[in-house]
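Q: Generate a structure from the sequence data that follows.
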Amino acid sequence: SVCGGIGSCVVSIPQEVIKQRLVTGIYPTFGVAVAAIFRDEGIRGFYTAALPTMSRNVPFVVSTFCTFSALERRQLRGRDGASLTPVENLGIGTSSALFSGLLTQPFDVVKTRMMTQAATTAAPYRGVLDCVRTMAVTEGPTSFYRGLIQRSVYMGPLWAIQFAANGWISNAMLKRNARVHMFAHMQQSK
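A: Residues are numbered from 1 along each chain as shown. Got it, this is the predicted structure:
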């Protein structure tokens, strides 16, 4: 989970920087955004807020999978060898993602602030700690949970579908492997 989370950041951070700057109106088009970021900031510009992004992504992924696993074990307790139903996968996937989103929302807010600071007239943050300190002092602790509902609206269903599809595909593969194994055993018995 950790390696996957870190690896995905190589691609997702530049995509997120461009998206955030397009959404806030800093640049009018994708092409203009890419050219301007590269011209003005170099390759490093595409990795603005890399630390808070990784601080959000890695714990989110680890927490989501660990929470899913714990809830799955609890749900399957006493159901010898059974697997979750698609509905159980949906519910546990949603719960796992929403719990992890709540834990990592402050990192998401800091990441977004740092990526979009060029759209404001405020003095730019000097780094992650300055962003955190400024938000805490000027806006209070609730500012770190802005956008939680919006993030949850897409995150819950996205991870629910991912876990439901994973459960369905895993069960289908296990059943197929059992049939292949049984067929091979019957062939050896002849």
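Q: what's the top helix by length along the chain packed up against?
A: Assignment by DSSP state H gives helix 148-189 as the longest helix of the chain. On a contact count with 3 or more Cβ pairs under 8 Å, 6 or more residues apart in numbering; DSSP states H and E, helix 148-189 meets helix 86-116. Just so you know, the C-beta spots here come from the backbone N, C-alpha and C atoms, and that holds for glycine as well.
Q: Can you point out the buried residues in the helix it packs on?
A: Going by neighbour count (16 or more other Cβ atoms under 10 Å), the buried part of helix 86-116 is 88-98, 100-101, 104-116.
Q: The residue lying closest to residue 86 once chain neighbours are set aside: neighbouring residues, count only.
A: What sits nearest to residue 86 in space, not counting adjacent residues and going by Cβ to Cβ, 6 or more residues apart in numbering, is residue 164, at 5.1 Å. Using other Cβ atoms under 10 Å, residue 164 is surrounded by 21 other residues.
Q: Now tell me which helix or strand of this structure has the poorest mean pLDDT.
A: helix 2-23 (a mean of 83; mean pLDDT, DSSP states H and E).
Q: Buried residues in that helix, which are they?
A: Neighbour counts over helix 2-23 (16+ other Cβ under 10 Å) mark 5, 9, 13-14, 16-18, 20-21 as buried.
Q: Which elements pack onto it?
A: So helix 2-23, by 3+ Cβ pairs under 8 Å, 6+ apart, packs with helix 30-41, helix 50-76, helix 86-116.
Q: any idea how far residue 82 is from the residue nearest in space to the middle of the chain?
A: With distances taken as Cα atoms, centre = their mean, the residue of the chain nearest its centroid is residue 57 (5.3 Å). Remark: distance between residue 57 and residue 82 (Cβ to Cβ, to the nearest Å) = 32 Å.
Q: where does this protein dip in pLDDT?
A: In the predicted model, the chain carries pLDDT under 70 at residues 1-2, 5, 190.
Q: switch to 80 and redo it
A: Within the chain, the ranges that satisfy pLDDT under 80 run 1-9, 81, 118-122, 178, 180-190.
Q: how about the helices and strands packed on helix 2-23 in CSV, adding distance to residue 174?
A: Listed next are the helices and strands packed on helix 2-23 as CSV, based on distance: least, Cβ to Cβ, whole Å:
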stretch, distance to residue 174
helix 30-41, 43
helix 50-76, 14
helix 86-116, 14
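Q: does residue 83 count as helix, strand or coil?
A: Of the three states, residue 83 takes coil under DSSP: H, G, I helix; E, B strand; the rest coil.
Q: Which residue, other than its chain neighbours, is closest to it?
A: residue 171 is the one closest to residue 83 (Cβ to Cβ, 6+ apart), at 5.6 Å.
Q: cool, residue 101 as well?
A: Once flanking residues are discounted, residue 101 sits nearest to residue 155: 5.1 Å by Cβ to Cβ, 6+ apart.
Q: Noted, bye for now.
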